[in-house]
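**Q** Give me the fold of what follows.
(2 chains)
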Amino acid sequence: MLLTQPSERVGAVPVAQAAGTPPGRRVRLPRRGIRRLAGLAWILPALVVLAVFVYLPLVQNLGFSTMEWDIYSGSQEFIGADNYAKLVRDPIFWSSLGNNVLYAVISLAFQVFGAIVLAAIIEGIRSDRWRRSLRAIYFVPSAISLTVAGLLFYFIYEPNLGLLNHVLEQIGLAAWAQPWLGQESTAMVAVIAMSQWQGFGYSTLLFAVAIQRIPSELYEAAAIDGIGTIRRFFTITLPLVREMTGLMIIVTISGAFQVFNEVMVMTSGGPNNSTQVLGTWLYRNGFVRNDFGYAAAIATVIFVVTLAIALVQLWINRRRRVEW
Amino acid sequence: MHAPRITAVTALAAASALALAGCAGGNAAPAADISAEPEYSGTLSILTKFGGDPLGPYFETLAAEYEELHPDVTVELIQETDQSVKDKTKTLTASGALPDIYFTWTGNWAQNFIDGGLAADLSEVIAPGTEWGDTFGEASLSAFEVDGKYYGIPLYNNGKFMGYNTAIFEEVGIEVPTTFEELIESCAPLRAAGYEPIAFGNKDGWPALHYLQQLFAYNVPADVLQDDFSPATATLDHPGYVASLEQFKTLVDECTDTGTGTNGVLYTTAQEALAGGRAAMYYQEILEFDTVTAEGNTLTPEEFGIFPLPVPEGAEGDPEAIEGSPEGYLINARSPRAALAVDFMKFATTLENATTLSSPPYGQPSTVVGAVTPETSSVAVYDGITKVNEASDLVIWLDTVTVPEVADAWLAGGEALISGGSTPEQILESVRNASDAAQ
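**A** Residues are numbered from 1 along each chain as shown, chains lettered A, B, ... in the order given. As a prediction, this is how the structure comes out:
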């Protein structure tokens, strides 16, 4: 096993050689300034697109979050940090943030740790046909759009005609039947459960790919040494999928703070705001309460949280990686 | 490394400049001239609430006929549903891209556009006494009147009634209830006969507000209620509010199959329960009458009856008030084609087109005088619109009559009441807080 910096693995190839010029023949390179300008010209379209569609809205949003904005008259009054002060006092903002955290925790349990275990089990199956079939079966929900999956589960959870309550009644568990999305105590968990069903297979597939990259010799050597399946999982599989695990943790947490579609389709944040997450609370303040300045402040919080997560991701990517 | 840094700084500066430009944009534009001679050319944009079946084809047909009359005019339709039109309108408003003609409810919804200078003053052409204005019922024009000026073109009237299956009532042997208490009492025999007494779905929150607003009109004196809609004058301390919330909770618990889980049921699922003959009653708008009795449904027009939500005994409000109001269209005050927009709406409200709108399959009772008759409209629609016209007062929907913050507090409160998460007193307190904050 070898520990290297990613940059060390890319050899310094001379420009002429990289371009396919025969060795020994000298090529006059353009002057440095011209080359730099040419490089800029190539990346300029991308920079313009980024500036207009990413950085401009970002700057505008920051501006809007300090305004009281009447979309009807078009008037915008500067109110400083008032929207942020309101945010601190708003109990639904905090419960929304709590729901995002709950979403992240449950997603980590299922879509990261659960997915690793499932991927290891699938990859441990000897039959190629079964392995492929199981990967496909688990991946299918991820191919369905979140909106469609949300609608599908809305009808599964429906209290009168829904499949879930019907099944519970059929197997003698009628007492467990609930209006899943209709009461504060179960609505959020019901939405999160749908999300896990939808995302679980995708994570499993990614981990399966990571596990496939582990040399089989390591498992064979461990088997010869009499090491059991569970110990092989903890001593070989887990350490060698560390990179993918780190990435999935970041992606999962980041996704949990940007959740919107499934909540909007299934509950619109109700009942009684019990399933509000930051995204839907932002939407509600902007598009229902006409308080676009406050909505912009919530958007800023989402941006800060996801930016922090992205920075952690960058930091992790700088760390040494395991190679074999 | 310098050049990229310069590019990034330039991009940021450009972004900031554009952002500031956006901030300063406002809605400045020349006012519309609605009395000018229309120039029959160009594209006329219209935002409707008739997206999907069965209403979608109505404006599509109108647009095609208008384009045929004026070949140089193109009508661009943006057709949304009852739920999505809210977001679409606000997005277009915020981005300064309101169409030439756009849908509106009455109350605070329309008021925002009028206050913001986004709705053209149509008094000159539609006020009572004008040629066009005299084709409408005066009350429907007044619904869009502010400070003596008329802004809206009322397209159809609406009201909320309890629709019921007369065959089920006959089978079970119950009469149309005359008091709220009788309505609750009728639920037990209906359930015993195997029917859901009242189908109800509150997934979107507003269906609960429709019950509540009608009960508020019955239980709270009209002048108090009007004062309470505005945060500046609201006290929200009349005992009729708590009584109404308690009555509504009783109805949900005693008369619906889902009870505390009703927040998980779609409004349309409940509608289908009545249409499919599984439920005996369903509280609905006139606009839905022809839908629940449409061809293919178990419920036929002959077996469909309506009655206003019965009045609770001892209620202190107005027992003759009915919840409802016209819905209509505003003309963008900044539209360069305002005169053409007026011309199109005159075309849309001719007696012939108004009669089509009032007849099945559309069933939207037009505000145009003479468009709704027993011959052209279904019995239920005609009956409903007659009751609306006879009502002592029309109480506007709770989610559009007051400011959004208060409406939203009522919305969450209605859901909490159904699920048992809050008591009537707690709900009223949260609405009071929202009203105070909105002042």
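
**Q** Would you mind listing what in the stretch 101-250 of chain B touches chain A?
**A** Within reach of chain A by C-beta under 8 Å from any C-beta of the partner chain, the stretch 101-250 of chain B has these residues: B:112-113, B:115-118, B:203-205. In this view, the C-beta of every residue, glycine as well, is placed from N, C-alpha and C.

**Q** sorry, that was for the stretch 251-400 of chain B
**A** Proximity of the stretch 251-400 of chain B to chain A (C-beta under 8 Å from any C-beta) is limited to residues B:257-258, B:260-266, B:269.

**Q** Select only the buried ones of those residues in PyMOL?
**A** In PyMOL syntax, the buried subset of those is picked out as below (16 or more other C-beta atoms under 10 Å in any protein chain shown):
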select buried, chain B and resi 257+258+260+261+262+263+264+265+266+269
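
**Q** May I see the residues of the stretch 251-400 of chain B next to chain A arranged in TSV, with secondary structure and pLDDT as well?
**A** Formatted as TSV, these follow (DSSP: H, G, I helix; E, B strand; the rest coil; pLDDT from 0 to 100):
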residue	secondary structure	pLDDT
B:Asp257	coil	92
B:Thr258	coil	90
B:Thr260	helix	91
B:Gly261	helix	90
B:Thr262	helix	93
B:Asn263	helix	94
B:Gly264	helix	92
B:Val265	coil	93
B:Leu266	coil	91
B:Thr269	helix	92
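
**Q** Show me which pair in the residues of the stretch 101-250 of chain B next to chain A is furthest apart.
**A** Put simply, by C-beta to C-beta the two of those set farthest apart are B:Gly117 and B:Lys203, 35.9 Å from each other.

**Q** Among the two, which residue is more densely surrounded?
**A** Comparing B:Gly117 with B:Lys203 by neighbour count (other C-beta atoms under 10 Å in any protein chain shown), the higher total belongs to B:Lys203, at 25 against 17.

**Q** just checking, the more buried one touches B:Gly264?
**A** Yes - with contact defined as C-beta atoms under 8 Å, B:Lys203 reaches B:Gly264; the gap is 6.5 Å.

**Q** residues touching B:Thr235, list them.
**A** Listed by C-beta atoms under 8 Å, 6 or more residues apart in numbering or on different chains, the contact set of B:Thr235 reads B:227-228.

**Q** hmm, back to that, quick check: neighbours shared by B:Lys203 and B:Gly264?
**A** A:181-182.

**Q** Please give me every residue in contact with the closest residue to chain B within the stretch 151-300 of chain A.
**A** Across the stretch 151-300 of chain A, no residue is closer to chain B than A:Pro179, which sits at 2.1 Å (C-beta to the nearest C-beta). Residues near A:Pro179 by C-beta under 8 Å, 6+ apart: A:159, A:186, B:258, B:260-265.

**Q** As JSON lines, those residues with distance to A:Leu97 would be great.
**A** Listed next are the contacts of A:Pro179 as JSON lines, based on distance: C-beta to C-beta, whole Å:
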{"residue": "A:Pro159", "distance to A:Leu97": "29"}
{"residue": "A:Thr186", "distance to A:Leu97": "20"}
{"residue": "B:Thr258", "distance to A:Leu97": "31"}
{"residue": "B:Thr260", "distance to A:Leu97": "27"}
{"residue": "B:Gly261", "distance to A:Leu97": "27"}
{"residue": "B:Thr262", "distance to A:Leu97": "28"}
{"residue": "B:Asn263", "distance to A:Leu97": "23"}
{"residue": "B:Gly264", "distance to A:Leu97": "24"}
{"residue": "B:Val265", "distance to A:Leu97": "29"}
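
**Q** Neighbours of residue 202, how many?
**A** Because you didn't say which chain, this covers chain A. By other C-beta under 10 Å, the residues close to A:Tyr202 number 17.

**Q** try chain B instead
**A** If you count neighbours by other C-beta under 10 Å, B:Asn202 ends up with 31.

**Q** Out of the residues of the stretch 251-400 of chain B next to chain A, the closest to A:Gly228 would be?
**A** B:Gly264 (46.6 Å).

**Q** Ignoring the adjacent residues along the chain, who's closest to B:Ser41?
**A** In space, and not counting its chain neighbours, B:Ser41 is closest to B:Asp72: 4.0 Å by C-beta to C-beta, 6 or more residues apart in numbering or on different chains.

**Q** Low-confidence ranges, the stretch 101-250 of chain A, go.
**A** Applying pLDDT under 70 to the stretch 101-250 of chain A flags no residue at all.

**Q** Going along the chain, name the strands of it.
**A** In the stretch 101-250 of chain A, no segments count as strands under DSSP state E, counting those that start in this stretch.

**Q** what separates the longest helix along chain A from the chain centre, distance-wise?
**A** Longest helix in chain A, counting residues (DSSP state H): helix A:184-212. Once both centres are worked out by C-alpha atoms, centre = their mean, to the nearest Å, helix A:184-212 turns out to sit 11 Å from its chain's centre.

**Q** now the strands for the stretch 1-150 of chain B?
**A** Residue ranges of the strands in the stretch 1-150 of chain B, as given by DSSP E, counting those that start in this stretch, are B:42-48, B:73-79, B:101-104, B:145-146, B:149-150.

**Q** ok, residue 66 - how many residues close by?
**A** Just going to use chain A. Counted with other C-beta under 10 Å, the neighbours of A:Thr66 add up to 19.

**Q** oops, chain B please
**A** B:Tyr66 has 20 nearby residues by other C-beta under 10 Å.

**Q** What of the one 4 residues further on?
**A** Residues within reach of B:His70, counting by other C-beta under 10 Å, total 18.

**Q** Let me know the closest of the contacts of A:Pro179 to A:Gln212.
**A** Ranked by distance to A:Gln212 (C-beta to C-beta), the contacts of A:Pro179 are led by A:Thr186 at 38.7 Å.

**Q** I'd like to know how far that closest one sits from A:Tyr157.
**A** Distance of A:Thr186 to A:Tyr157, computed by C-beta to C-beta, to the nearest Å: 9 Å.
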